[in-house]
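Participant: structure for the following, please:
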Amino acid sequence: MKHFFLPLVLLWVSCTVLSALEGTKQIIQNFMDEHAASQGYQPSDVAQWDIRSEHTSRLSGAHYVYFHQVYKGIEVANGLGQAVLKDGAVHNLGLGFIANIDQRIQSTTPSLSPLQAA
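Facilitator: This next block holds a predicted model:
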């Protein structure tokens, strides 16, 4: 009987964590969508990003999220961001994303082979 409940518990925990992650990401995305233009970013600059890590402070209860910019499925070098959430809202957002990325990227196809790059 124990072996039956363990997979169910693990599934429930996984779903809960993924749900919380998606909620956090949506809160940050909504904030970026509202404030991107005032910070010099185009909507496409903040449209794709992935959470790299996150943690919650036991002392303040603030939730810290660290993420990186993505362009057409490729992680952007030095395109970093961080957000501080408290009570379900963004309290601080720091973006080091590449602005106007659509105009700056000429190709997503590698110009060097792995052998040439080595």
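Participant: going by neighbour count, list what's buried in the biggest strand by length in the chain.
Facilitator: The residue-count maximum for a strand in the chain (DSSP state E) belongs to strand 74-86. Across strand 74-86, burial judged by 16 or more other C-beta atoms under 10 Å covers 76, 79-85. Just so you know, the C-beta spots here come from the backbone N, C-alpha and C atoms, and that holds for glycine as well.
Participant: what is the nearest of these to Pro114?
Facilitator: For these, the minimum distance to Pro114 (C-beta to C-beta) is 20.3 Å, reached by Val76.
Participant: how far away is the closest one from Thr56?
Facilitator: Here the criterion is C-beta to C-beta, to the nearest Å. By it, Val76 lies 27 Å from Thr56.
Participant: surely Gly40 meets Ala99?
Facilitator: Yes - between Gly40 and Ala99 a contact is recorded at 5.3 Å, counting by C-beta atoms under 8 Å.
Participant: among those two, which residue is more densely surrounded?
Facilitator: Of the pair Gly40 and Ala99, Ala99 is the one with more neighbours under other C-beta atoms under 10 Å, namely 15 against 11.
Participant: Lys25 versus that one, what's the distance?
Facilitator: 21 Å.
Participant: part of a helix, is Ser107?
Facilitator: No - per DSSP: H, G, I helix; E, B strand; the rest coil, Ser107 lies outside any helix segment and is coil.
Participant: next, count neighbours for it.
Facilitator: 6.
Participant: mind jotting down where the helices sit in this structure?
Facilitator: 2-35, 101-104, 114-117 (DSSP state H).
Participant: among these, which gets the worst mean confidence?
Facilitator: Of all the helices of the chain, mean pLDDT reaches its minimum on helix 2-35 (a mean of 66).
Participant: hang on, the earlier thing: which residues touch the longest strand of the chain?
Facilitator: Strand 74-86 has contacts (C-beta atoms under 8 Å, 6 or more residues apart in numbering) with 24, 27-28, 31, 49-50, 60-71, 90-98, 101, 108.
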